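Colleague: One predicted model, sequence on top.
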Amino acid sequence: MDPQTVTPQNADERLVYKAIVYSYLFWLVGALYIVAPVIAWILFCRLLVKKISYQPAHTISLAHYVWLLGMWVMLMALIVGHLEQGLGLAKLIKSTIGWAKGWALLAIFPVVACLNIRPQIIYRACCQVCKHTVLLLPIFLLAWIIRLPSTLYVSPLSIIGGPGPEFFSLSLYEIDPGSGIPRWRLFTPWAPALGMLGNLYFIFALQESSTQWKRWGVIGSLLMVLMSQSRLALICYLALFGYFSMLKFVRSPILYFILCPVILATGFVGESILNKISMSIAAVKSARADSTRVRQALADIAVERWWNEAVLFGHGIVERGPHMVEYMPIGSHHTWYGLLFVKGLVGAVALAVPMLVSFVVLMVNIFARPLAKVGMAILMLLMLYTLGENLEILAYLFWPGLIILGKALIADNDNMPTEEANEQISTRQD
């Protein structure tokens, strides 16, 4: 297939492709938060129909079932937590709907990868979003220069309900309260989330077969990371760059000839290197000292209350923190602390086990299947961002990565590793 003419070939691909390409359009009307859950459950129902009617589809692997089981356990922990805390039926229903729009997506999107959806379609669509970002950059810069209102409006669709108004607002820019300099979040709810999406699009851009679209993808994804001014995004970008660079030479003896003297030299200057690393970490934290302080306080409160009040099933719902953490939700800015506080040890294990199983499966196949390398990069991204974000809240943004992760987890005897074979399967008519 011509790299310049990657187009959807069936209904599933068209749905996924248009949902990604029209990201900015959905953002304008405040529908972006709604689109992902709707697509997830539609595709999931389509997969069930295909399985029941024995239509062509990939076999759901053990790793997929582990994700389904993990998120089901997450729901059970939520229900038990509500019952233990006596939160009432209304809050239980609301939280269950929230689970269907958040945690459930972490299992559904990898599973719907068993449909005939080519990875190339997702790569191309995300590169188009990167192109849109580059083209729209002058508008966002001009809005800050002429001091337009940072947030133009909040969509009426916010009445549907969500984590907050920022998920339905049209923000042109924002001013960092610590440094006083502008940063951008574009179609994401906050700037660090834009950095996460920029890293995901960087992974996809490197897989793009068209040189032109790859260029748009790399430039646009780097722009997202820089506009977000997120420390974690910059670290993750460098880590991904190093990961893909190493994979190119991991089987070459040249790499090991280079590494041997480097390792020997490291032994002599190891203490100095460790000191410089410690100084670098301290410098990164001091770059936004107030943010670091708030994050640490939120973590401390979450762990203390989890351990002393609700170890197994957590508190059931998110609670606002005190004034010292600017009334931010307890456990926010960190997936594991948030899970421990809201869903307890059971909830944390329900996420850790699928991630561990996925890591093992991908590591076993990382040199046998090209897609396993991409899946590992996405899993690395998710693991890093569990330390700085709540994954379930942002699942509506990084869901294309979950589909690619699901593709990488497809069972070996059912997965066709060559691009030609994948294209043959994807062109089957529904």
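Modeller: That came in fine, so what should we check first? What you see is a predicted model, and the numbers here were worked out from it, not measured in a lab. Residues are numbered from 1 along each chain as shown.

Colleague: Tell me the confidence at Ala113?
Modeller: We have a pLDDT of 92 for Ala113.

Colleague: scratch that, Arg288 is what I was asking about
Modeller: The model's pLDDT for Arg288 equals 56.

Colleague: what does stretch 124-132 contact?
Modeller: Stretch 124-132 has contacts (Cβ atoms under 8 Å, 6 or more residues apart in numbering) with 6, 16-17, 20-21, 23-24, 200-201, 204-205, 208, 210, 213-214, 216-221, 223-224, 400. Where you see a C-beta, it was placed from the backbone N, CA and C, and this is true even at glycine.

Colleague: Equivalent analysis for stretch 344-355, please.
Modeller: So stretch 344-355 is contacted by 63, 66-67, 69-71, 73-74, 76-78, 80-81, 106-107, 306, 310-314, 335-336, 339-340, 343, 379, 382-383, 386, 391 (Cβ under 8 Å, 6+ apart).

Colleague: try stretch 90-110
Modeller: Contact partners of stretch 90-110, identified using Cβ under 8 Å, 6+ apart, comprise 33, 36-37, 40-41, 43-44, 63-64, 67-68, 70-72, 74-75, 78-79, 82-83, 161-162, 316-317, 351, 354, 391-393, 395-396, 399, 402-403, 405-406, 409.

Colleague: ChimeraX command for the buried members of these?
Modeller: Command for ChimeraX that selects the buried part of the contacts of stretch 90-110, burial taken from 16 or more other Cβ atoms under 10 Å:
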select :33,36,37,40,41,43,44,63,64,67,68,70,71,74,75,78,82,162,316,317,351,354,391,392,393,395,396,399,402,403,405,406,409
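
Colleague: Give me the subset of the contacts of stretch 90-110 that lies in helices.
Modeller: Within these, residues falling in helices by DSSP state H are 33, 36-37, 40-41, 43-44, 63-64, 67-68, 70-72, 74-75, 78-79, 82-83, 351, 354, 391-393, 395-396, 399, 402-403, 405-406.

Colleague: For the chain, give me the ranges with low pLDDT.
Modeller: Within the chain, the stretches with pLDDT under 70 are 1-5, 56, 178, 249-293, 321, 323-327, 331, 412-430.

Colleague: Which parts of it are strands?
Modeller: Taking DSSP state E to define them, one finds strands in the chain at 151-154, 169-171, 174-175, 182-183.

Colleague: Could you dump those strands into CSV with distance to Ala90 and mean neighbour count added?
Modeller: Formatted as CSV, those follow (distance: least, Cβ to Cβ, whole Å; neighbours: other Cβ atoms under 10 Å):
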stretch, distance to Ala90, mean neighbour count
strand 151-154, 24, 14
strand 169-171, 26, 19
strand 174-175, 34, 14
strand 182-183, 37, 20
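
Colleague: Any chance of TSV for those strands, columns distance to Ser230?
Modeller: What follows is those, written out as TSV (distance: least, Cβ to Cβ, whole Å):
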stretch	distance to Ser230
strand 151-154	19
strand 169-171	16
strand 174-175	13
strand 182-183	8
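
Colleague: nearest to Ala113, of these?
Modeller: Of all the strands of the chain, strand 169-171 sits nearest to Ala113, with 31.3 Å by Cβ to Cβ.

Colleague: My guess is Trp144 contacts Ile181. True?
Modeller: No: judged on Cβ atoms under 8 Å, Trp144 makes no contact with Ile181 at a distance of 9.8 Å.

Colleague: Compare these two and say which one has the larger neighbour count.
Modeller: Using other Cβ atoms under 10 Å, the more surrounded residue of Trp144 and Ile181 is Trp144, with 17 against 9.

Colleague: what about that one, distance to Ser179?
Modeller: Distance of Trp144 to Ser179, computed by Cβ to Cβ, to the nearest Å: 14 Å.

Colleague: just Lys214 next, same as before
Modeller: 33 Å.

Colleague: His64 contacts Gly406, correct?
Modeller: Yes: the pair His64 and Gly406 passes the contact test of Cβ under 8 Å, sitting 6.6 Å apart.

Colleague: Next, show the common contact partners of the two.
Modeller: Shared contacts of His64 and Gly406, counting by Cβ under 8 Å, 6+ apart, come down to 110-111, 114.

Colleague: from the residues you listed, which ones fall inside helices?
Modeller: 110-111.

Colleague: so Pro156 touches Gly30, yeah?
Modeller: Yes: between Pro156 and Gly30 there is a contact at 7.4 Å, judged by Cβ under 8 Å.

Colleague: quick one, which of the two is more surrounded?
Modeller: Between Pro156 and Gly30, counted using other Cβ under 10 Å, the more crowded position is Gly30 (21 against 10).

Colleague: which residues does the more buried one contact?
Modeller: Going by Cβ under 8 Å, 6+ apart, Gly30 touches 154-158, 168-170.

Colleague: any idea how far it is from Asn365?
Modeller: According to Cβ to Cβ, Gly30 stands 40 Å off from Asn365.

Colleague: With Ile121 instead?
Modeller: Taking Cβ to Cβ, one finds Ile121 at 22 Å from Asn365.

Colleague: got it, and Trp399?
Modeller: 23 Å.

Colleague: same thing with Leu87?
Modeller: Taking Cβ to Cβ as the measure, Leu87 falls 43 Å from Asn365.

Colleague: Just want to know which of these two has more residues nearby.
Modeller: Neighbours were counted for Leu87 and for Asn365 using other Cβ under 10 Å; Asn365 has more, 20 against 16.

Colleague: That one touches Ala372, doesn't it?
Modeller: Yes: Asn365 is within contact range of Ala372, at 4.2 Å (criterion: Cβ under 8 Å).

Colleague: more crowded one of Lys214 and Ser179?
Modeller: Comparing Lys214 with Ser179 by other Cβ under 10 Å, the one with more neighbours is Lys214, at 19 against 12.
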